[in-house]
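> Coordinates for the following, if possible.
(chains A, B, C and D)
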2 protein chains.
Amino acid sequence: MLNEVSKEEPIYPIRTAAKLLNISVHTLRMYEKEDLILPYKKSSSHRLYSQNDIDRINCIRSAINDSKISINGIKTIYSMMPCWEVMNCSKEDRSKCSAFLRHSGPCWAVKGDDTVCANKDCRNCSVYQDYGECGSIKNFIRNKLTSL
Amino acid sequence: MLNEVSKEEPIYPIRTAAKLLNISVHTLRMYEKEDLILPYKKSSSHRLYSQNDIDRINCIRSAINDSKISINGIKTIYSMMPCWEVMNCSKEDRSKCSAFLRHSGPCWAVKGDDTVCANKDCRNCSVYQDYGECGSIKNFIRNKLTSL
DNA sequence: TAAAGTTGGTATTTATAAATATCAATATTT
DNA sequence: AAATATTGATATTTATAAATACCAACTTTA
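Residues are numbered from 1 along each chain as shown, chains lettered A, B, ... in the order given. Below you'll find the predicted structure:
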């Protein structure tokens, strides 16, 4: 039996992640400050990156370097994701949640105490985990609309 | 009775439009080449801009200058618009339309002979006219999903 | 406990997107 | 028919986003 690890297991410290991605440590922290990624944080506040994080960041890099989409562009595209459908938010829930109302950034950047997600760990949420890949958001919208 | 004109009436030649927007004539042509706008063209291929065009371009300017979203970012955001829902495309129609399948640019940039829109004038289409405003695309997705 | 790594912060550099300038050819206006 | 405006195309400039370099304080690991 091989020592397999889940794609979601946070294993790489920041320098290793940076090497795998061929970018600087600081760029990684910048992406986090911009709410593009949510790496795991140890109690010491040191970061750990999973294989999914690496894949996600490669996708972000491709959007920036190949597709020439700015970071603020990516944030706005993330904001198009209908998170409330994944979370099954009630009309009441939605009406006061800026992730539903605004289009300025991803839902996991919303810091509200009065939202359904207030006490949840966004890193383990399907909205964060499954819709960071380029094109997956339109995929969701497509599937959700055409299956109804 | 005042000499009223429809918001969609193409009335301003390019230099007037540029002055109203406080930008150069060339920037306007650049936005068009990038498929952000579809100004009316006279038989001589001279452009005319409507008040809706002016409003739309002001919105694009705000996205670029205030929200710091790159042109390619705006194109990708436009591509999130579920045009097939507005046009009531059949499953057959959708399956071969890249506006449905891709997420690289607005549907009106798709040049396909085998699409539902092949012989239509996109400038007069609701998808172009009503979803160029910032935020209107998320609005559409929101309303479409929550009304079902 | 010493060496190596990470933290958040600012200041600087670099790469490039966005806008401008210039051009001869064509169209419009009066 | 002359003056003015628009066309597309390329070459250049400018503004700034993205990335890098540096820092002292703190954490990990061996």
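
> ok, residue A:111 - how many residues close by?
Here the number of neighbours of residue A:111 (other C-beta atoms under 10 Å in any protein chain shown) works out to 8. Glycine gets a C-beta too; all of them are placed from N, C-alpha and C.

> okay, now the residue of chain A found nearest DNA strand D: neighbour count?
Taking C-beta to the nearest atom of the strand as the measure, chain A has residue A:44 as its residue closest to DNA strand D, at 2.6 Å. Neighbours of residue A:44 under the rule other C-beta under 10 Å: 6.

> Past the longest helix seen in chain A, which element shows up next along the chain?
Longest helix in chain A by number of residues (criterion: DSSP state H): helix A:51-65. Remark: after helix A:51-65, the chain's next helix or strand is helix A:71-78, criterion DSSP states H and E.

> Wondering if that following helix reaches chain B at all.
Yes. Contact of helix A:71-78 with chain B (C-beta under 8 Å from any C-beta of the partner chain) involves A:72-74, A:76-77.

> Name the residues that touch that helix?
A:31, A:34-36, A:60, A:63-64, A:69, A:103-107, A:109, A:131-132, A:137, B:67-70, B:72-74, B:76-77, B:80 (C-beta atoms under 8 Å, 6 or more residues apart in numbering or on different chains).

> What of stretch A:111-126?
Stretch A:111-126 is contacted from outside by A:8, A:38-40, A:86-87, A:89, A:93, A:96-99, A:107-108, A:110, A:128-129, using C-beta under 8 Å, 6+ apart.

> which of these are close to chain B?
For chain B, no contacts are drawn from these by C-beta under 8 Å from any C-beta.

> Out of those, which end up buried?
When those are checked for burial by 16 or more other C-beta atoms under 10 Å in any protein chain shown, the buried set is A:38-40, A:86-87, A:89, A:93, A:97-99, A:107-108, A:110, A:128-129.

> In helices, which of those residues appear?
Using DSSP H, the buried ones among the contacts of stretch A:111-126 in helices are A:86, A:93, A:98-99, A:128-129.

> Let me have these in CSV, extended by pLDDT.
Below are these laid out as CSV (pLDDT from 0 to 100):
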residue, pLDDT
A:86, 96
A:93, 93
A:98, 93
A:99, 95
A:128, 95
A:129, 93
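
> Outline the domain layout of chain A.
What automatic domain parsing lists as the domains of chain A is A:9-68, A:70-148.

> Out of these, which is closest to DNA strand C?
domain A:9-68 (3.1 Å).

> Tell me who's in contact with residue A:50.
Contact analysis of residue A:50 by C-beta under 8 Å, 6+ apart lists A:6-12, A:40.

> If any of those are buried, put those into a PyMOL selection.
To isolate the buried ones among the contacts of residue A:50 in PyMOL, judged by 16+ other C-beta under 10 Å, type:
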select buried, chain A and resi 10+11+12+40
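
> which residue does chain A bring closest to chain B?
residue A:73 (2.2 Å; C-beta to the nearest C-beta).

> Could you report the neighbour count for that residue?
Number of residues near residue A:73 (other C-beta under 10 Å) recorded here: 25.

> Could you do the one 5 residues further on as well?
Burial measure for residue A:78: 23 neighbouring residues, criterion other C-beta under 10 Å.

> Quick one: which of the residues of helix A:71-78 next to chain B is the most crowded by neighbours?
residue A:76 (29 neighbours).

> ok, which residues in chain A are in contact with DNA strand D?
Proximity of chain A to DNA strand D (C-beta under 7 Å from any atom of the strand) is limited to residues A:23-24, A:26-27, A:30-31, A:42-46, A:61, A:64-65, A:70-72.

> which sections of chain A are below the confidence cut-off?
Residues of chain A that meet the criterion pLDDT under 70 lie in A:1-5, A:148.
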